[in-house]
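K.L.:
Could you work out the structure for the sequence below:
(chains A, B, C and D)
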4 protein chains.
Amino acid sequence: MTKPKKPSRSFASDNNSGVHPDILQAIEAANSGHVVAYGDDPYTASAVKKFREHFGKDTDVYFVFGGTGANVLGLKAVTEPYHAVICAETAHINVDECGAPEKFTGCKLLAAPTRDGKITVDQIKPFLEGVGFEHHVQPRVISVSQSTEMGTVYSPRELKSLASFAHKHDMLLHVDGARIANAAVSLNVDLREITRDAGVDVLSFGGAKNGMMYGEAVVFFDQKLSKGFKYIRKQGTHLPSKMRFISAQFDALLTNGLWRRNAEHANRMAKVLARELEKIPQISITQKVQSNGVFAIVPRKYISVLQKQYFFYVWNESSSEVRLMTSFDTTEPDIDLFVSLVKKTIK
Amino acid sequence: MTKPKKPSRSFASDNNSGVHPDILQAIEAANSGHVVAYGDDPYTASAVKKFREHFGKDTDVYFVFGGTGANVLGLKAVTEPYHAVICAETAHINVDECGAPEKFTGCKLLAAPTRDGKITVDQIKPFLEGVGFEHHVQPRVISVSQSTEMGTVYSPRELKSLASFAHKHDMLLHVDGARIANAAVSLNVDLREITRDAGVDVLSFGGAKNGMMYGEAVVFFDQKLSKGFKYIRKQGTHLPSKMRFISAQFDALLTNGLWRRNAEHANRMAKVLARELEKIPQISITQKVQSNGVFAIVPRKYISVLQKQYFFYVWNESSSEVRLMTSFDTTEPDIDLFVSLVKKTIK
Amino acid sequence: MTKPKKPSRSFASDNNSGVHPDILQAIEAANSGHVVAYGDDPYTASAVKKFREHFGKDTDVYFVFGGTGANVLGLKAVTEPYHAVICAETAHINVDECGAPEKFTGCKLLAAPTRDGKITVDQIKPFLEGVGFEHHVQPRVISVSQSTEMGTVYSPRELKSLASFAHKHDMLLHVDGARIANAAVSLNVDLREITRDAGVDVLSFGGAKNGMMYGEAVVFFDQKLSKGFKYIRKQGTHLPSKMRFISAQFDALLTNGLWRRNAEHANRMAKVLARELEKIPQISITQKVQSNGVFAIVPRKYISVLQKQYFFYVWNESSSEVRLMTSFDTTEPDIDLFVSLVKKTIK
Amino acid sequence: MTKPKKPSRSFASDNNSGVHPDILQAIEAANSGHVVAYGDDPYTASAVKKFREHFGKDTDVYFVFGGTGANVLGLKAVTEPYHAVICAETAHINVDECGAPEKFTGCKLLAAPTRDGKITVDQIKPFLEGVGFEHHVQPRVISVSQSTEMGTVYSPRELKSLASFAHKHDMLLHVDGARIANAAVSLNVDLREITRDAGVDVLSFGGAKNGMMYGEAVVFFDQKLSKGFKYIRKQGTHLPSKMRFISAQFDALLTNGLWRRNAEHANRMAKVLARELEKIPQISITQKVQSNGVFAIVPRKYISVLQKQYFFYVWNESSSEVRLMTSFDTTEPDIDLFVSLVKKTIK
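P.N.:
I've put the predicted structure just below:
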């Protein structure tokens, strides 16, 4: 008897997928002759121009290698070590970066528990009690993930409320936008509406989870905040030498709505997946499906059976909740195959 | 009158070149289906295997995004913040990383002036005077660049002498091998002979300056030293999510001697370039041409004229010394064109 | 009409008191002639000897300027930056050191909410879920305050349980002993029984809150852990030059039971204060009075009236809970005077 | 035969001496009743007032425990981690603080060799070549020691020249004034003339080497620079709880010219010591005796003989140069006794 062929696409994470063909083609097209290293090249100039088309003329954008780097360096740019960064308990910076923010910025993270990965002004207020008291860290940044680690999305109104509160208290609003495209698509807005126009100050703009090979952008909407950032990036070990290959990817992603098409597809696949899983009585969806993640409680005994063929994460051991992510390359047959297996297993 | 077409390849740096076609092909080949992120994938397993074929079975190898990251994290793995790293004044870690080593490791760098970028045991000895004295930083690592920033190369004997001195004094030998391939080729040895077999403890193995797009490897020859390195890499913001695309590059580089061919070619082009420049009486070569760099004194007034068509760095303003680097893709016609211009300009 | 004379002693904190006369006398006695700076002097040798009499022969003890320094440097000695320190949410290291632990060690603090300032093994267990997973910080230290910031005390059995759990999971037990003397006295044990003998690995031994002018000791019960600590102390800016004046204080504190007498007195005064306050129906004591702190709910409107004459902290604004601390120099008349005022105010 | 009684005062360092009686008396006088901790007390208010009388009304002054702390925190206040601090190779921050400045500020130190411990504008200029180039650290502070570690003194004109150069290049001038009193006395100026009035921006004002027990002050002459310093001090573990005892010492030191008398005496003793040693043909004085240090070449074979009775440091092993420091409590008989021994030994 032969071992069953594993499916070529799983639901573990959007970074388990490869590179979108248009992105790869852009990389290949950039591979011609010599250009100056470290970003003083036409590919980078073009990509920066694209960012400014999306986000506004005086946007300052810096490319780095990856997402943790983007978050950490963006936060460093706007904090002193005695500051604190307020975030949701589930935030990537709080749980999934091995303490990189604390190590590099010196700051403490003040994390609030949430039901859906979204923090509110009311949750933030108590953290301000020690303002001006030198024994306590001083809150300086509110950092939110958009879309969140729970697949939910902040509305423009919610972001504005956070930004307005932040600015009123001499704080800034930072967005971990590893999946910012999925959020924009979900809300049916353009990128600017949920960032600059909502009062966001600093944005990590993600590439790898939306079809790029590598590369992330730190985007500043106030040039006073990015003063010195070129040194922070270099000292932060995130100045790519062959920058053009990141720039070419971003250029392609931001051209002809590729960023939108990729995210739209992934989000739609998540809806389909959730809809099909919901039909199975033993399974319950635990979070609103607003982007490309589906959270579901699956009876414990079936999980390991499914994991024999599919790689995915158990989000919460005690409640038997799993996380399923879709990607730009997820297909409806992928979902059919998976859902069939789930049904067969559970039945 | 039309603006003269600029040459497509300059001599500014080996990181101004693009990606070797075989490397690009390997990237494309890896772009199929889903694989687990962060390195738990067959491409990475294969690349690690290649490293072990070159460096020995129990070699521990970790891929990171870039060279500064590799140096900084490799040094962090083997130091406490009260330690010091001894290096040449010209070392990349000392002058070209914007203080990243100090920021991330907390260590002080103790730099010795050299004529040719190479430090010797005699220069290191005075730094040991404060050993055991708590007011002074404690030397823990000797870090050398191989080949050096001056285009010179440490012989295996020189490395062994440094390693043996280091180990005798409870120190380690670290190699910044951004151009380790060029050194191996120059010495006509394999990679292991000037690293593990010479007593090296930790190596930054460079990819981008030898035809890769991005990616560097931190290589440990003693598994006691790499204990905890997976956390250092993640906290150091250098754990690539789509690892397979770095791994595929390294795999290709270490297969069928591509690393050697690329470096051989670059080194040979440097010899040719130096030979031709030497024929011009107003120019004098200032360093032995042992790898892919040529250092030359060019009369000051001609430099800016040449720079109108060629991008290259003035290494030393006061002595009017320039640095010219060749790459895997430098061609003899490139050199002819450049040398012609030099001759025409100087005449 | 004359302004009422303020009482000379308040209940704000045990560090609002001055220096015990015996300590001051020891300082004066040490002020004779020259001795070698930085600790290589007979006063320090004598003080270290005293520590070893109390804690065991091979105890390693290092004097530093203050309590935050002691905590931070002691934690640094036993952690890597990717480690985490588990503590109670109310811990001094978590809320009252302005992020010093994160800044200096790079570690994340993982804090558990508690009712009485004491954490339990059950609260610690969930923090271990990410052990071995490189995306998460790695728990390495359990840090407890003894006595706690809430005036409560861990029993030897409770400490042993934490130590045993820590050691079983490759962690260490750290004690912030700013008020360790108060805890020992409360439990009627000697200093060793609730530290070394209970499995504690590293201790901040407090002086300033028990009658000293300044000075704290970092105490290691395993000499492997203090390897390199002399450099950590110096690099941590806590190597006092005129060390003899700290040493003389510790010597006096540890001689003829001064440490015990001071703490006994302070603890007894807290009992008296609590007993008297309890008699007032509008006031309720919220924590067990096990050391020298009394926590009490006082009707909001009276607090500001009392604070006109007495300086003390409101611990919890929303519940109208105040903290009152006694000290080695608190007298029964001090308490009478205060309680009279409270009664008069509330009546 | 009895062991010869060792002299009670040596020439090892001015921090081997004890505490001036007036300082000790001020400490005792401050030991009365309770005062608010952490500096919100009348003793601190009074000491700050004294500083402002000496340095000008809007001077911002913060007390810390010790000198390394003062230097490190003062530098942190005015730097980003990608900055560099330029200093003399012999600077205390460069060689005697175990890398504390690098660890805490993240900055690189750029050190220039000097003959007499004093750096000049011409030596600083080459460090500015990389300004604006993100690969290089960015010079932000010139730090000088006044008096220097070699016992020499910068004239007001020299300081003004450094300050003016610094400010012209967007840099600041920091003074490590562990021995600022000795310098002022040597130049016969008041404290303000060689600090604020000479263009100094930040000053570590030393106490322990001029008769205090412990305590140093970080002094800012521009309140924009001290913004946030109260948090830096606390996070830097240098906020003393019983602050009044440092404040009382500074108050005494700055009252009735005690600072001046102590330093005058120490300086005069150095002159006497140098004058007497110079009479011995085998000994040569190597540095100008401008403050309280004497540097002298003593034939190697006699050094260890002398060290049997006197503790002092060999400054330079290879040239057989020793350092002898005088203090506020050095007496002429002390010098006679020492010089007699030297003569007897050498004869």
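K.L.:
interface residues of the stretch 201-347 of chain A facing chain C?
P.N.:
Residues of the stretch 201-347 of chain A that fall close to chain C, judged by C-beta under 8 Å from any C-beta of the partner chain: A:E317. (Glycine included, C-beta is placed from N, CA and C.)
K.L.:
Looking from chain C, tell me which residue of the stretch 201-347 of chain A is nearest.
P.N.:
With C-beta to the nearest C-beta as the measure, A:E317 is the residue of the stretch 201-347 of chain A nearest to chain C, at 7.4 Å.
K.L.:
What about that residue, how many residues nearby?
P.N.:
11 (other C-beta atoms under 10 Å in any protein chain shown).
K.L.:
tell me the secondary structure for A:L75?
P.N.:
helix (DSSP: H, G, I helix; E, B strand; the rest coil).
K.L.:
One more: the one 10 residues further on?
P.N.:
Here A:V85 takes the strand state, with states given by three-state DSSP.
K.L.:
ok, now which ones touch A:W315?
P.N.:
By C-beta atoms under 8 Å, 6 or more residues apart in numbering or on different chains, the contact set of A:W315 is A:F295, A:E321, A:V322, A:R323.
K.L.:
thought the residue of the stretch 201-347 of chain A closest to chain C was touching C:E129?
P.N.:
Yes. In this structure A:E317 lies within contact range of C:E129 using C-beta atoms under 8 Å: 7.4 Å.
K.L.:
Any chance of the contacts of A:W315 in TSV with neighbour count, secondary structure and distance to chain B as columns?
P.N.:
Output for these, formatted as TSV (neighbours: other C-beta atoms under 10 Å in any protein chain shown; DSSP: H, G, I helix; E, B strand; the rest coil; distance: C-beta to the nearest C-beta, whole Å):
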residue	neighbour count	secondary structure	distance to chain B
A:F295	23	strand	19
A:E321	18	strand	21
A:V322	22	strand	16
A:R323	21	strand	14
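K.L.:
Leaving out chain neighbours, which residue sits closest to A:N182?
P.N.:
Spatially, and ignoring its direct neighbours in sequence, A:N182 is nearest to A:S291 (3.9 Å; C-beta to C-beta, 6 or more residues apart in numbering or on different chains).
K.L.:
do the same with A:S13
P.N.:
Per C-beta to C-beta, 6+ apart, closest to A:S13 is A:M325, 5.0 Å.
K.L.:
how near is that neighbour to chain D?
P.N.:
Going from A:M325 to chain D by C-beta to the nearest C-beta, to the nearest Å gives 36 Å.
K.L.:
got the residues of the stretch 151-300 of chain A near chain B?
P.N.:
Neighbours of chain B within the stretch 151-300 of chain A, by C-beta under 8 Å from any C-beta: A:208-209, A:213-214, A:231, A:234-242, A:245.
K.L.:
one step back: can you give me the pLDDT of the residue of the stretch 201-347 of chain A closest to chain C?
P.N.:
With respect to pLDDT, A:E317 scores 88.
K.L.:
A:K279 now?
P.N.:
97.
K.L.:
Okay, strands next: where are they in chain A?
P.N.:
With DSSP state E as the criterion, chain A has strands at A:60-64, A:83-88, A:108-112, A:138-145, A:172-177, A:202-206, A:216-220, A:284-285, A:293-297, A:313-316, A:321-325.
K.L.:
So which bits of the stretch 1-150 of chain A are right by chain B?
P.N.:
With C-beta under 8 Å from any C-beta as the criterion, the stretch 1-150 of chain A meets chain B at residues A:8-10, A:12-13, A:15-19, A:24, A:27-28, A:30-37, A:65-69, A:72, A:97-100, A:103-104.
K.L.:
the domain parsing of chain A - what is it?
P.N.:
With domains defined by automatic domain parsing, chain A comprises A:21-253, A:258-345.
K.L.:
end to end, how far does the last one reach?
P.N.:
Start to finish, the residues bounding domain A:258-345 are 37 Å apart (C-alpha to C-alpha, to the nearest Å).
K.L.:
Output the below-cut-off pLDDT ranges for chain A.
P.N.:
A:1-5 (pLDDT under 70).
K.L.:
Quick one: residues contacting the residue most central in space within it.
P.N.:
The centre of chain A sits closest to A:A178, judged by C-alpha atoms, centre = their mean, with a distance of 1.8 Å. By C-beta under 8 Å, 6+ apart, the contact list for A:A178 reads A:G67, A:H92, A:S145, A:S204, A:G206, A:A208, A:K209, A:E216.
K.L.:
what sits opposite the third one in the beta ladder?
P.N.:
When bridges are called by DSSP bridges, A:S145 pairs up with A:D176.
K.L.:
likewise the fourth one?
P.N.:
Partner residues in beta bridges with A:S204: A:D176, A:V218, with DSSP bridges as the criterion.
K.L.:
I figured it was touching A:G74, is that so?
P.N.:
Yes. Contact criterion C-beta under 8 Å: A:S204 and A:G74 qualify, at 5.6 Å.
K.L.:
higher neighbour count, those two?
P.N.:
A:G74 (33 against 30).
K.L.:
still on that earlier bit, can you list the strands of chain A in CSV and add distance to A:T255?
P.N.:
Converted to CSV, the strands of chain A look like this (distance: least, C-beta to C-beta, whole Å):
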stretch, distance to A:T255
strand A:60-64, 15
strand A:83-88, 32
strand A:108-112, 36
strand A:138-145, 26
strand A:172-177, 19
strand A:202-206, 15
strand A:216-220, 15
strand A:284-285, 35
strand A:293-297, 26
strand A:313-316, 33
strand A:321-325, 25
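K.L.:
Let me see the contact set for the residue nearest to A:H54 when sequence neighbours are not counted.
P.N.:
Computed as C-beta to C-beta, 6+ apart, the closest residue to A:H54 that is not its neighbour in sequence is A:L191, at 5.0 Å. The neighbourhood of A:L191, defined by C-beta under 8 Å, 6+ apart, consists of A:H54, A:F55, A:I180, A:A181, A:A184, A:W259.
K.L.:
Quick check: the fifth one touching A:L203?
P.N.:
When you say that, I think you mean A:A184. No. Contact criterion C-beta under 8 Å: A:A184 and A:L203 do not qualify, at 11.7 Å.
K.L.:
about what we covered before: against B:A37, how distant is the residue of the stretch 201-347 of chain A closest to chain C?
P.N.:
Separation of A:E317 from B:A37 (C-beta to C-beta, to the nearest Å): 21 Å.
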